[in-house]
Each structure stands twice: as structure tokens, then as C-alpha cells.
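>>> this one's sequence-less:
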């Protein structure tokens, strides 16, 4: 899948737009998967944490789930939850990850990250 620049100018693999032959279609495919979410608008890309999470943590075992929610009942924001498929647990801080997956990656023993 190709990364596209979202309306905030940041590359995101979940943002999609199509302007071919007069179409004007924009969507966040991560939020579109969540039926419990409020409606997505391009303005939400400016404060969305997903591109920063993907840049900070490239763990192949982490699955993200996002939804549009209200903060203090007024401000609409993208809220993200992460899940580790290797540890089968929720990830408390998606920017860091679960803390266990890096121990199973090639070269972890060289860096002193592997199991002793």
C-alpha cells in the first residue's frame, strides 16, 4: 500500500484520496473500519496521532484501532488503541509498543535485548 499525504501534509498509510476524473473522495481507512466511530473529516488529520505512532513504532505485531471521539464533550479528536498480536494484550503506549516484541527480532541478542 502506498502512503499518501493527508490534508495536514503528513504521510499516512491509512489516508486515501481519489480525484480521478472529477471524483472527490477522501477517507481515513483506519477510522472507516470502526463502525462505532463518529464521522471522519479531513480536519482531524491535523491532530491525529497515528502517523507519529507509525513513525515511532514499526512493530509488525501491533494492530491499531482508531475512532473519532469527543474530548470533554466538545472537541473532536482521533482516539487510538493498540493491540499486540504476539503477546495477545493491549498496548498501553502505542508509541513505545508492548515491550516484548523487540526481544524476538533478529539481532536482539547482539544489542542485549534478547532473553538471558
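In hand now; what should we look at? All values derive from a computational prediction rather than experimental measurement. Numbering: from 1, shown residues only.
>>> got any ranges where this protein has weak pLDDT?
Low-confidence segments of the chain (pLDDT under 70): 1, 104-116.
>>> what about the helices in it?
Secondary structure of the chain (DSSP state H): helices at 29-32, 50-56.
>>> neighbouring contacts of the longest one?
The one in question is helix 50-56. The contact list for helix 50-56 (C-beta atoms under 8 Å, 6 or more residues apart in numbering) reads 6, 10-14, 30, 64, 66, 78, 80, 82, 94-96. All C-beta spots, glycine's among them, are computed from the backbone N, C-alpha and C.
>>> coming back round to it: figure out which of the helices of the chain is closest to residue 21.
Of all those, it is helix 29-32 that lies closest to residue 21, at 21.2 Å by C-beta to C-beta.
>>> can you pull out the strands in this protein?
Secondary structure of the chain by DSSP state E: the strands cover 4-5, 11-12, 15-18, 25-28, 62-71, 75-84, 89-91.
>>> mind putting those in JSON lines, mean neighbour count included?
Shown next, in JSON lines, are the strands of the chain (neighbours: other C-beta atoms under 10 Å):
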{"stretch": "strand 4-5", "mean neighbour count": "14"}
{"stretch": "strand 11-12", "mean neighbour count": "17"}
{"stretch": "strand 15-18", "mean neighbour count": "16"}
{"stretch": "strand 25-28", "mean neighbour count": "16"}
{"stretch": "strand 62-71", "mean neighbour count": "16"}
{"stretch": "strand 75-84", "mean neighbour count": "17"}
{"stretch": "strand 89-91", "mean neighbour count": "16"}
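>>> that concludes my questions; thank you for your assistance.
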